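J.: sequence and computational prediction follow.
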Amino acid sequence: MKPSQWASLLSVGKMLLVRNRQTDERTFAGAQFFDTSFGRLCVFQGGSRDASDVAERYWNQVAVFAAFSCFVVEGQQGMVVEVRPGGSGVSVLDLVKPLGGGGHEKAGGFKLSKVRENPWTEVLVALTRGFITSDANPIPGYIREITVPPIVLVVDEEN
């Protein structure tokens, strides 16, 4: 490779970094946030890479990040949830293990066999097992009504 080609390659690398940052910013801006017993939970639609990238960029603003993606296999719908910790020191494994998931302290995931109308609520209920805190409603087991903006879910269909 000639030295004159390096400038071109470096400019492409910078452009990719900017695009990745913009994608992370859009994902974080479109996320739903919930106050839970383990801290602030950030839930958004995305995959494993999205979960890692957004958690890495915004780790100090949220306790736990959860990215979900929906799928259909042999006519059965489900959801995969990828979980990453923020700056809170929460062990992801402690959150996902009771849900049949796996991983380690810094990355984990689990599957939900059904996706109802509100996938954010599904993830919230699964991770908190029904316990959230709120200034308005600090009652264990109470989940306040959650309004979520309309979204088009991307579903991967496998044959």
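T.: Perfect, I can see it now.

J.: so who does residue 107 touch?
T.: By CB atoms under 8 Å, 6 or more residues apart in numbering, the contact set of residue 107 is 51-52, 82-84, 92. All C-beta spots, glycine's among them, are computed from the backbone N, C-alpha and C.

J.: rerun that using 6 Å as the cut-off
T.: residue 84 (CB atoms under 6 Å, 6 or more residues apart in numbering).

J.: so which elements touch the helix or strand hosting residue 70?
T.: According to DSSP states H and E, residue 70 maps onto strand 64-73. Counting contacts by 3 or more CB pairs under 6 Å, 6 or more residues apart in numbering; DSSP states H and E, strand 64-73 packs against strand 39-45, helix 48-58, strand 76-85, helix 119-128, strand 155-158.

J.: and the contacts of the first one?
T.: Where contact means CB under 6 Å, 6+ apart, the residues beyond strand 39-45 that reach it are 27, 31-34, 62-68, 88, 120, 123.

J.: narrow those residues to those that are buried.
T.: Buried members of the contacts of strand 39-45, scored by 16 or more other CB atoms under 10 Å, are 27, 31-32, 34, 62-68, 120, 123.

J.: redo the residues you listed as CSV? Include distance to residue 97.
T.: As requested, these are exported to CSV (distance: CB to CB, whole Å):
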residue, distance to residue 97
27, 26
31, 24
32, 24
34, 20
62, 21
63, 17
64, 14
65, 17
66, 15
67, 18
68, 18
120, 22
123, 16
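
J.: and the pLDDT at the residue of the chain positioned farthest from its centre?
T.: Taking CA atoms, centre = their mean, the residue of the chain most remote from its mean C-alpha position is residue 2, at 42.2 Å. pLDDT for residue 2: 71.

J.: next: residue 25.
T.: In this prediction, residue 25 has a pLDDT value of 88.

J.: next secondary structure after the helix or strand harbouring it?
T.: Using DSSP H and E, residue 25 sits in helix 3-29. The helix or strand immediately downstream of helix 3-29 is strand 32-36, counting by DSSP H and E.
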